[in-house]
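Trainee: could you look at this predicted model? Sequence included:
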Amino acid sequence: MSSNKGLGEPPAYNEATNCDQLKLAYENQNNQYPGGNQYPSPGGGPYPVSQHQPPCSPQDHVMLPLVTEPGAMVINRAPVTQNWMVPAVLTCLCCFWPTGIFAIIAASNANQAAANGDVIEAEKQSRKARSYVTVSFIIGIILIILGVVYRVALYSTLY
């Protein structure tokens, strides 16, 4: 309590302004933590105060400060995996449905993993979906050819 001697009473909740919030947010940017400078910066000196401090005006009651450490942030985007959902559905409907269902499940898992940012799992599930689509297509074509040959052989013996 002795450290709050010269500060006075804090303002009531409905009387606090955005300026008060900005003052609190930008007050401790020079590594002035409550316990002193207990967290030294990697370069040895304190972090510089932000040169882009938003202006404090009474009209800006919705502005919130964004405090970041100095430095550039590099974001590397991973290549997007191929979406096998449409071929999986088509092979399920038109070719061989048992492996087509597995292809749909694998394609859905790949899309979900890609949406979550898990590139390795998305690639793995995408390869699985591609394999199931290929197997469904090949089995479906073989079954269609066998069905046509059987019908031709059956009708040629009847007539």
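Mentor: Done, it's in. Numbers count the residues shown, from 1 in each chain.
Trainee: could you list the buried residues of stretch 96-110?
Mentor: 96, 99, 100, 102, 103, 104, 106, 107, 109, 110 (16 or more other CB atoms under 10 Å). For glycine as for every other residue, the C-beta is placed from the backbone atoms N, C-alpha and C.
Trainee: in this structure the fifth one contacts residue 133, no?
Mentor: Meaning residue 103. Yes. Counting by CB atoms under 8 Å, residue 103 touches residue 133, with 4.8 Å between them.
Trainee: which one of the buried residues of stretch 96-110 is nearest to residue 158?
Mentor: Using CB to CB, residue 96 comes nearest to residue 158 of the buried residues of stretch 96-110, at 28.4 Å.
Trainee: contacts only, for that closest one.
Mentor: 135, 136, 137, 139, 140, 143 (CB atoms under 8 Å, 6 or more residues apart in numbering).
Trainee: quick one: list the elements packing against the longest helix anywhere in the chain.
Mentor: Secondary structure of the chain per DSSP state H: the longest helix is helix 119-158. In terms of contacts (3 or more CB pairs under 8 Å, 6 or more residues apart in numbering; DSSP states H and E), helix 119-158 is packed against helix 85-94, helix 97-116.
Trainee: could you list the residues in contact with the last one?
Mentor: By CB under 8 Å, 6+ apart, the list of residues contacting helix 97-116 from outside reads 80-81, 83-85, 87-89, 91-93, 119, 121-126, 128-129, 132-133, 135-136, 139.
Trainee: same check on stretch 123-132?
Mentor: With CB under 8 Å, 6+ apart, stretch 123-132 has contacts from 81-82, 84-85, 88, 91, 99-100, 102-103, 106-107, 109-110, 113.
Trainee: one step back: buried ones among the contacts of residue 96?
Mentor: 135, 136, 137, 139, 140.
Trainee: wait, isn't the second one in contact with residue 92?
Mentor: It refers to residue 136. Yes. Look at residue 136 against residue 92 with CB under 8 Å: they come within range, at 6.9 Å.
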